[in-house]
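> Next one to model:
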Amino acid sequence: MVIITHHRRKCIGCNYCVELAQAYWRMSKRDGKSVLLGAEEKKGVHTLRVGEEALEANEAAAKACPVNIIQVKVV
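Residues are numbered from 1 along each chain as shown. Next comes the predicted model:
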């Protein structure tokens, strides 16, 4: 299982996550920040649990994020 966490409040809207992992990310038309699709939010941190197939694309998104607000863990 892969756990993706996203600190959305700190997002600058660069769009790298969407470009690298389109199946998991979208840009909000309302505020221009990225949205982790299907994630649960708790105290400003959005968390999504997915299968191993999500690992490569989301690791690339996390590495590309200029403000380091995406974390990917394998559990």
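
> mind checking the longest helix of the protein?
Taking DSSP state H as the criterion, the chain has its longest helix at helix 55-64.

> where exactly do the helices run in this structure?
According to DSSP H, the helices that the chain contains are 16-20, 55-64.

> Give me the distance between the first one and the centre of its chain.
In terms of Cα atoms, centre = their mean, to the nearest Å, the centre of helix 16-20 is set 9 Å apart from its chain centre.

> Only alpha carbons, please: show that helix as PDB.
Included here for helix 16-20 are C-alpha records, laid out as PDB according to Å, rounded to 0.1, in the frame of the first residue of the first chain:
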ATOM      1  CA  TYR A  16       3.800  19.500 -11.700                       C
ATOM      2  CA  CYS A  17       1.800  16.900  -9.700                       C
ATOM      3  CA  VAL A  18      -1.000  17.000 -12.300                       C
ATOM      4  CA  GLU A  19       1.400  16.700 -15.200                       C
ATOM      5  CA  LEU A  20       3.300  13.700 -13.600                       C
END
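
> Let the chain start at 855 from now.
Renumbered: residue one is now 855, and that last one reads helix 870-874.
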